[in-house]
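*Asks:* From the sequence below, what's the structure:
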Amino acid sequence: MKLLVLLFVLTLSACSSEEHIVFRSGDNQLSGVYLPPTGSQTSKAVLLFVHGDGEMPHDAYGYYPLLWDQLRAQGYAIMSWDKPGVGKSSGNWLEQSMADRQAEVLDAIQWVQSRYGFTARQTGVVGFSQAGWVLPSLATDHQAQFGFMVGIGFATNWIEQSRYYTRLKHTEASATEAEIQAALLAYDEEIALLLQAPAYADYRQAMGDQAMLADRYHFVLKNLQSDARQDYPLIRTPALLIWGEDDLNVDARLEFERHQRASNPFVSTRLIASGNHGLLDSAYFPRQRMDTGDLLKLHWLGESALAPGVIPTLIHWLNLQSQQTAHSLWLSLLKTDNPYQPIPVTLQL
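*Replies:* Reported below is the predicted structural model:
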């Protein structure tokens with residue numbers, strides 16, 4: 001009984017530190033949460049969580065808190081919000097281009113800095129999957145607005161990634177090689193059609209039962225040619241890119257090796273053993289998409305749902321950034337010239 005009471009009190013305590021927030025981005029009013037570090041710690045930095053694809057609430061259906069709890073214990077504040085049209089946020093995320101999403105992130109950065117007093121160097125962005133076509137561009141065109149970036153499960157090219165996803169979807173369904181090749185041919189034909197930007201009625205007539213719904217069709221049409229290839233070489237903001245080696249959505253090894261060859265000294269890379277697309281342990285979550293049963297399993301397992309090494313990798317790299325920020329701020333008080341130095345390309349943990 002005492003244990004139950006203690007758990008209840010701890011739950012209330014955790015909930016009481018959560019601040020529900022609202023900020024504007026364009027015509028949308030976006031709802032979300034701000035979470036300070038746990039205990040009485042002064043914030044090292046604030047981390048803004050940027051969603052991947054889909055209808056995402058601020059907590060990604062319970063996934064983000066697996067990371068938040070550990071990050072807050074290390075002195076990091078968190079900001080996250082419901083996508084437009086989700087929860088209490090107005091608008092419709094399916095009407096957004098990647099440029100619209102970039103503007104939204106910039107509005108969130110400016111809001112949290114203004115409200116809580118964080119500097120640009122104390123502001124980090126943590127993006128997932130589709131955010132790979134949102135954050136790299138910000139890190140090149142708006143690098144003065146934030147201090148560092150973490151990318152989880154990023155792909156470089158939308159069409160290339162979707163083709164990989166198509167192949168793995170049919171492989172996972174135990175399709176024969178002939179069936180897989182037929183599916184890839186159908187995919188290539190659909191892409192060729194989409195690149196012509198037909199009216200939805202014409203697209204629907206051509207695709208029949210395989211056609212996307214109208215709102216998804218227009219979303220894909222806006223963003224189909226997203227490619228971050230030109231952004232990465234220009235990044236001068238410290239960035240950590242992480243993939244799970246068992247990713248079934250993105251060709252993780254291809255992306256990892258691509259960035260290893262590029263050798264941008266501002267970009268650190270890490271391939272996590274036993275990690276899936278969201279860095280969950282692939283032994284527990286071996287499929288491309290999560291269903292209701294997987295969400296229940298996620299809540300039951302808690303932090304152990306994550307692949308081993310995820311939390312230590314994040315905390316180690318983030319702490320290096322906060323140490324450099326503190327050092328740089330101290331030197332600036334002494335009026336010492338101290339260029340911001342990048343972290344080496346590959347973490348050795």
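
*Asks:* Quick check: residue 30 touching residue 80?
*Replies:* No: here residue 30 does not reach residue 80: they are 10.4 Å apart, not a contact under Cβ atoms under 8 Å. Where you see a C-beta, it was placed from the backbone N, CA and C, and this is true even at glycine.

*Asks:* what's residue 51 in contact with, if anything?
*Replies:* Residue 51 is in contact with 60, 83, 128, 130-131, counting by Cβ atoms under 8 Å, 6 or more residues apart in numbering.

*Asks:* can you map out the strands along the stretch 51-200 of the chain?
*Replies:* With DSSP state E, counting those that start in this stretch as the criterion, the stretch 51-200 of the chain has strands at 76-81, 123-128, 148-152.

*Asks:* The second one packs against which elements?
*Replies:* With contacts defined as 3 or more Cβ pairs under 8 Å, 6 or more residues apart in numbering; DSSP states H and E, the packing partners of strand 123-128 are strand 45-50, helix 98-116, helix 135-141, strand 148-152.

*Asks:* residue boundaries of the helices in this protein?
*Replies:* For the chain, the helices defined by DSSP state H cover 2-16, 64-73, 98-116, 135-141, 158-172, 177-194, 200-207, 214-223, 252-262, 292-301, 310-333.

*Asks:* Those helices into a markdown table, with extra columns for distance to residue 43?
*Replies:* Compiled in a markdown table, the helices of the chain are given as follows (distance: least, Cβ to Cβ, whole Å):
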| stretch | distance to residue 43 |
| --- | --- |
| helix 2-16 | 17 |
| helix 64-73 | 9 |
| helix 98-116 | 8 |
| helix 135-141 | 21 |
| helix 158-172 | 34 |
| helix 177-194 | 44 |
| helix 200-207 | 47 |
| helix 214-223 | 34 |
| helix 252-262 | 30 |
| helix 292-301 | 27 |
| helix 310-333 | 10 |
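
*Asks:* Residue 272: which of those is closest?
*Replies:* helix 310-333 (6.0 Å; Cβ to Cβ).

*Asks:* if you compare the helices and strands packed on strand 123-128, which one is most tucked away?
*Replies:* Highest mean neighbour count of the helices and strands packed on strand 123-128: strand 148-152, a mean of 26 (counted as mean count of other Cβ atoms under 10 Å).

*Asks:* Please compute how far that one lies from its chain's middle.
*Replies:* Distance of strand 148-152 from its chain centroid, counting by Cα atoms, centre = their mean, to the nearest Å, is 8 Å.

*Asks:* Now do that strand and strand 123-128, the angle between them.
*Replies:* Interaxial angle of strand 148-152 relative to strand 123-128 (axes from the mean of the first three to the mean of the last three Cα atoms, to 10 degrees): 10 degrees.

*Asks:* just checking, what packs against strand 148-152?
*Replies:* strand 123-128, helix 135-141, strand 239-244, helix 310-333.

*Asks:* For the chain, which helix or strand comes out least confident on mean pLDDT?
*Replies:* None of the helices or strands of the chain scores lower by mean pLDDT, DSSP states H and E than helix 2-16, at a mean of 38.

*Asks:* that older thread, can I get the helices and strands packed on strand 123-128 in CSV with mean pLDDT and distance to residue 283?
*Replies:* As requested, the helices and strands packed on strand 123-128 are exported to CSV (pLDDT from 0 to 100; distance: least, Cβ to Cβ, whole Å):
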stretch, mean pLDDT, distance to residue 283
strand 45-50, 98, 25
helix 98-116, 98, 33
helix 135-141, 96, 29
strand 148-152, 98, 19
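
*Asks:* rewinding a little: ok, of the helices and strands packed on strand 148-152, where does mean pLDDT dip lowest?
*Replies:* Looking at the helices and strands packed on strand 148-152, the lowest mean pLDDT belongs to helix 310-333 (a mean of 76).
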